[in-house]
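A.B. asks: What shape does this take:
(one chain, ligands or ions: 2)
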Amino acid sequence: DVVKVPQGATVAELADLLDIPASDIVKRLFLLGTPLTMTQSMSDELIELVADDLGREVKVMTKEEENSFTFYDDPADLLPRAPVVTVMGHVDHGKTSTLDAIRHTGVAEGEAGGITQHIGASQVKINGRTITFVDTPGHETFTAMRARGAKVTDIVVLVVAADDGVMPQTIESINHAKAAGVPIVVAVNKIDRDDANPDRVRQELTEYGVIPEEWGGENMFVNISAKKNMGIDELLETILLQADVLELKANPNTFASGYVLEAKLDRGRGSVATLLVNRGTLHVGDALVAGMSYGRVRAMLGQNGQPVTEAGPSDPVEILGLSSVPAAGDEFRVFQDERDARDLAESRSLKARIEEQNKVKHVTLENLFDTM
Ligand code: GDP
Ligand code: MG
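C.D. replies: Ligands and ions are numbered 1, 2, ... in the order given. Okay, here's the model as predicted:
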């Protein structure tokens, strides 16, 4: 078993992680000719040396590596969370119309919120359950997020127009979803049209491994008309069925972490970022780092621009207070101590600047030699 040790750990911290008395380590250090007290921090080499001496395996983690720790939660702390859904499909097949119809349904049900899209993500309620929709165009989001290793979608709703059938971006969407390991629910749209042929859509999709359950496959299909508001409830219920299969859970009672969905610089409000929480609960006043920016949450706004005080797993929220504008797909994470957030953000931007400089230098020198 490899024990992960943060860089610069003290003797006492190392003892704690290895689950042995600190005096054991002090003794060994003394014998190794490096007397240290419990509260002194150890170099990477020393940590490795002591661990080796004790017959234990350790990995010294830099701040950067620490930040990309996969968080561990006790299964007992996990609670069900809402599915996060991205709508994808070929242009003009009805993605926007479908989202509009869905929001309308959520509101028609008498639930609060959902009519206007202020923050790039929205939530609707059906049968007392919540579904989160990421509104930003599916392809760009997916590409940007995946490039950063971000996982922001639990389910892809693939919209295919019943009159048009499978088209290039339909196939692209399928590839995105498959590469990310995300299940696809197919919404066969525009069934109100005279030339609609939903069965042909099903047939065509089998060629790409998207096969209806009723044909022995794994994909749930729903016929809809976003324009005529047909089949929308069934689509939402199907999304919830798919979510049940996934058994989505998260620990809400810890420091928040998740991803940046989008961010911009606003004239009056400064850096404005839409975050999707995937673990823990975010509060006003929390210190956080998002990519290379950091800060305290000065204000949080819900999907209709209303102030909110906290956001839990699967909740999208717009925040003010970051030092700069993070990139879509950047991971965010709350720190107990604002200094840690600042240190991490600063070391990241320093690293990025050095990399940038090296690139420039490299190119310049090569060009120079080429022309000589
Ligand atoms: P997107 O490019 O995928 O976002 O597609 P849109 O939602 O903008 O829709 C493209 C066009 O298809 C628009 O003219 C819509 O009015 C039309 N449309 C969308 N859904 C339906 C539908 O269910 N039935 C019909 N007949 N037209 C639809
Ligand atoms: Mg659209």
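A.B. asks: Low-confidence stretches in the chain?
C.D. replies: 63-72, 105-119, 136-142, 146-150, 358-372 (pLDDT under 70).
A.B. asks: Residue of it closest to ligand 2, please.
C.D. replies: As assessed by C-beta to the ion, ligand 2 sits closest to T96 within the chain, at 3.3 Å. No exception for glycine: its C-beta is placed from N, CA and C like everyone else's.
A.B. asks: wait, is that residue part of a helix?
C.D. replies: Yes. Judged by DSSP: H, G, I helix; E, B strand; the rest coil, T96 forms part of a helix.
A.B. asks: Just grab the bridge partners of the closest residue to E214 other than its chain neighbours for me.
C.D. replies: Spatial nearest neighbour of E214, chain neighbours left out: F221 (7.9 Å); criterion: C-beta to C-beta, 6 or more residues apart in numbering. F221 forms beta bridges with V186, as assigned by DSSP bridges.
A.B. asks: Tell me who's in contact with F221.
C.D. replies: For F221, the contacting residues are V185, V186, V188, R202, P212, E213, E214, by C-beta atoms under 8 Å, 6 or more residues apart in numbering.
A.B. asks: Among the residues you listed, which ones are in strands?
C.D. replies: V185, V186, V188 (DSSP state E).
A.B. asks: Save the residues you listed as a markdown table, and put in neighbour count and distance to D163 too.
C.D. replies: Compiled in a markdown table, the ones in strands among the contacts of F221 are given as follows (neighbours: other C-beta atoms under 10 Å; distance: C-beta to C-beta, whole Å):
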| residue | neighbour count | distance to D163 |
| --- | --- | --- |
| V185 | 20 | 20 |
| V186 | 28 | 15 |
| V188 | 27 | 10 |
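A.B. asks: Which of the contacts of F221 sits closest to ligand 1?
C.D. replies: When those are compared for distance to ligand 1 (C-beta to the nearest ligand atom), V188 wins out at 9.9 Å.
A.B. asks: For burial, what's the neighbour tally of G120?
C.D. replies: Residues near G120, counting by other C-beta atoms under 10 Å, number 21.
A.B. asks: So it sits against L261, correct?
C.D. replies: Yes. Counting by C-beta atoms under 8 Å, G120 touches L261, with 5.4 Å between them.
A.B. asks: So which bits of the chain are right by ligand 1?
C.D. replies: Residues of the chain lying close to ligand 1 (C-beta under 6 Å from any ligand atom) are 89, 91-97, 189-190, 192-193, 225-227.
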